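Student: would you be able to build a 3D model of this:
(one chain, ligands or ions: 1)
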Amino acid sequence: MNESFTLRGVTFQNRVFTASGTFGYGDETTGLVNVNKLGGIITKSLSLKPRDGNPAPRIAETASGMLNSIGLANIGVQHFIDEKLPTLRSLSTKVIANIAASSIDEYCAVAEALEPFAEIAGYEINVSCPNVKEGGLNFGTDPNQVARIARELRRRTEKILIVKLTPNVTHISEFARACEAEGMDAVSAVNTLIGMAVNIHTRKPKLSSTTGGLSGPAIKPVALAKVYELTRAVKIPVIGIGGIATWEDAVEFLLVGASAVQVGTANFISPATGVTIAEGIRAYCASHGFADVDAIVGALIAEKNRSVIDSWL
Ligand code: SIN
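Tutor: Below you'll find the predicted structure:
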């Protein structure tokens with residue numbers, strides 16, 4: 001069974017990645033799960049300087065999901081290089097560094113700091129965090145800004161560049177087209193949906209930042225429709241994210257055209273979810289007589305132009 005997937009000449013052993021922010025920096029879970037069975041690990045977002053993030057409470061459970069408002073708390077790129085990279089170096093699975101920033105210069109500076117390290121296969125560019133006032137959605141909801149960031153990063157690296165898109169826009173395909181035009185290798189979608197929850201006894205929002213990002217199974221149908229839109233709009237690979245908790249969820253994303261998937265919130269229940277999902281995809285393909293997972297990518301049987309999305313493209 002061929003499960004591999006290649007981006008910019010880098011081959012990932014399978015199509016299941018951990019989503020940024022749900023698997024630490026890749027080194028915390030090595031004693032809990034055999035991370036070498038994953039297609040790849042995507043690190044927590046890294047900024048140039050360490051960030052404390054938003055004040056607590058910054059997590060709230062919701063029906064079939066959760067809200068977070070972490071505010072891109074992270075140890076900063078230099079600490080990552082000094083403290084985390086040595087462990088990642090010993091892994092056989094590929095590592096993608098997620099980069100968050102509040103300016104184009106900062107995105108470039110973080111990528112440049114990581115450039116010398118061969119154990120970083122590429123970068124996922126976070127232009128979609130809904131929990132910060134600078135950067136995040138200010139960039140990710142403006143296709144011109146997304147294009148500028150992509151262009152500047154492409155000038156600085158030959159490594160894989162993936163842009164992580166927000167679903168909090170009307171036509172996500174517009175953003176993917178901008179990425180494709182600027183030489184991005186893939187887009188990943190979707191980051192969280194802006195959401196809110198209220199404690200009716202205190203009459204206060206459950207999150208200190210009032211709103212946060214909704215993730216988990218609650219968002220899967222929305223994410224799937226966004227991925228469906230994206231795979232019809234661009235030729236570059238789309239990596240599906242959003243509420244994937246089982247191999248059946250992952251197969252749905254592959255059928256609508258995602259080339260690979262990321263597992264996020266489900267890692268908080270079991271960090272082994274990604275490995276289980278990879279095994280499930282393999283078994284599904286074998287039982288349907290497919291020798292290559294690629295055979296199910298985009299294999300959805302759908303009437304053309306039946307969806308409202310088709311009329312936008
Ligand atoms: C956060 O750190 O607030 C979440 C990150 C994200 O949604 O990109």
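Student: strands of the stretch 151-300 of the chain, start to end?
Tutor: All strands of the stretch 151-300 of the chain, identified by DSSP state E, counting those that start in this stretch, fall at 160-164, 186-189, 193-196, 198-199, 204-205, 211-215, 238-241, 260-263.
Student: dump those to TSV, plus mean neighbour count, mean pLDDT and distance to the ligand.
Tutor: To be clear about C-beta, it is placed using only N, CA and C from the backbone, and glycine gets the same treatment. Shown next, in TSV, are the strands of the stretch 151-300 of the chain (neighbours: other CB atoms under 10 Å; pLDDT from 0 to 100; distance: least, CB to the nearest ligand atom, whole Å):
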stretch	mean neighbour count	mean pLDDT	distance to the ligand
strand 160-164	26	98	7
strand 186-189	28	98	11
strand 193-196	18	98	10
strand 198-199	12	98	19
strand 204-205	15	98	15
strand 211-215	25	98	5
strand 238-241	30	98	11
strand 260-263	29	98	12
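Student: got those as JSON lines, with distance to residue 107 columns?
Tutor: Formatted as JSON lines, those follow (distance: least, CB to CB, whole Å):
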{"stretch": "strand 160-164", "distance to residue 107": "10"}
{"stretch": "strand 186-189", "distance to residue 107": "16"}
{"stretch": "strand 193-196", "distance to residue 107": "22"}
{"stretch": "strand 198-199", "distance to residue 107": "35"}
{"stretch": "strand 204-205", "distance to residue 107": "30"}
{"stretch": "strand 211-215", "distance to residue 107": "20"}
{"stretch": "strand 238-241", "distance to residue 107": "19"}
{"stretch": "strand 260-263", "distance to residue 107": "20"}
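Student: tell me the buried residues in stretch 23-38?
Tutor: 23, 24, 25, 26, 27, 29, 30, 33, 35, 37, 38 (16 or more other CB atoms under 10 Å).
Student: how about the closest residue to residue 189 other than its chain neighbours, what does it touch?
Tutor: What sits nearest to residue 189 in space, not counting adjacent residues and going by CB to CB, 6 or more residues apart in numbering, is residue 165, at 4.4 Å. Listed by CB atoms under 8 Å, 6 or more residues apart in numbering, the contact set of residue 165 reads 127-128, 140, 172, 175-176, 179, 187-191, 226, 230.
Student: could you see whether the ligand lies near stretch 91-99?
Tutor: No: taking CB under 6 Å from any ligand atom as the criterion, stretch 91-99 and the ligand are apart, separated by no less than 8.0 Å.
Student: correction: stretch 219-236
Tutor: No: applying CB under 6 Å from any ligand atom, one finds stretch 219-236 separated from the ligand by no less than 12.1 Å.
Student: give me the neighbour count for residue 294.
Tutor: For residue 294, the number of neighbouring residues by other CB atoms under 10 Å comes to 17.
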